[in-house]
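Novice: Only the shape, not the letters, is given here:
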Ligand code: URA
């Protein structure tokens, strides 16, 4: 039966909690069988700012929470630097399950999982989204661009402004990129405040 003709059940979720209930047992791709925990997302379901990474790593797979390993600690520091707490934003990944040995997500895995992040965005309705790294940004925006190009732009997805910066794991490997990231996240905070009205 064509999934175009009949909307899948998860599309009917009215809240983030309901969506979690509908998808957390997903086995649509092989990662659903190899994962330890399904990493849905965390934070404020009414967040005005959303951050989107690539896929869970080992620690995230163990705990069931996004960005809780070394890269996650750096992400927390980045958020703190622009006066956001993890609790007030929403953090999720394109893939909900860990690719074995931290390999890059396959295009087919991203295609299968992407409706979930789109539904999360639809329910949360953030004003701004920050993509963490080239893979997350290209996947979300359906592009095939270098991160350097994407960092220069503000994109739109369903009327939501989307920006991209370095993945925190890349910053751990290349600390000289932190300055550029700092410039990006300051712009992200400013754009957020302009759209939300400073609180
Ligand atoms: N890297 C990601 O892209 N997401 C996580 O949740 C952890 C590491």
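Specialist: Looks like it came in fine. Worth saying up front: this structure is predicted, and the values here are computed from it rather than measured. Numbers count the residues shown, from 1 in each chain.
Novice: Run a quick neighbour tally on the residue of the chain found nearest the ligand.
Specialist: Proximity of the chain to the ligand (C-beta to the nearest ligand atom) peaks at residue 53, 2.9 Å away. Every residue, glycine included, has its C-beta placed from N, CA and C. Residue 53 is flanked by 28 other residues according to other C-beta atoms under 10 Å.
Novice: does it really touch residue 91, like I thought?
Specialist: Yes: using C-beta atoms under 8 Å, residue 53 makes contact with residue 91 at a distance of 7.4 Å.
Novice: how about the residue of the chain closest to the ligand, phi and psi?
Specialist: Residue 53 adopts backbone torsions of phi -100, psi -160, taken as degrees, to the nearest 10.
Novice: Tell me how far it lies from residue 34.
Specialist: Separation of residue 53 from residue 34 (C-beta to C-beta, to the nearest Å) stands at 19 Å.
Novice: now residue 93
Specialist: Distance from residue 93 to residue 34, by C-beta to C-beta: 16 Å.
Novice: Give me the more crowded residue out of these two.
Specialist: residue 93 (26 against 12).
Novice: I'd say the more buried one and residue 57 touch.
Specialist: No: Residue 93 lies out of contact with residue 57 (C-beta under 8 Å); the separation is 9.7 Å.
Novice: For the spatially most central residue of the chain, give me its contacts.
Specialist: A centroid search over the chain (C-alpha atoms, centre = their mean) returns residue 52, at 1.6 Å, as the residue closest to the centre. Contacts for residue 52 (C-beta atoms under 8 Å, 6 or more residues apart in numbering) come out as 91, 92, 93, 94, 117, 129, 130, 131, 132, 136, 140.
Novice: now do 6 Å
Specialist: Neighbouring residues of residue 52 by C-beta atoms under 6 Å, 6 or more residues apart in numbering: 92, 131, 136.
Novice: Looking at those residues, which are in strands?
Specialist: If you go by DSSP state E, those have 92, 131 in strands.
Novice: Tabulate the contacts of residue 52 (TSV), appending distance to residue 192 and pLDDT.
Specialist: TSV is the format used below for these (distance: C-beta to C-beta, whole Å; pLDDT from 0 to 100):
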residue	distance to residue 192	pLDDT
92	17	98
131	14	99
136	18	98
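Novice: Leaving out chain neighbours, which residue sits closest to residue 70?
Specialist: Using C-beta to C-beta, 6 or more residues apart in numbering and skipping residues adjacent in sequence, the residue nearest residue 70 is residue 172, 6.3 Å away.
Novice: what residues does the helix or strand harbouring that neighbour touch?
Specialist: Secondary structure assignment for residue 172, by DSSP states H and E: helix 168-173. Residues from elsewhere that reach helix 168-173 (C-beta under 6 Å, 6+ apart): 71, 74, 75, 177, 178, 181.
Novice: Can you report how many residues neighbour the third one?
Specialist: Using other C-beta under 10 Å, residue 75 has 23 neighbouring residues.
Novice: Ramachandran coordinates for residue 83?
Specialist: The phi/psi pair for residue 83 (degrees, to the nearest 10) reads phi 60, psi 30.
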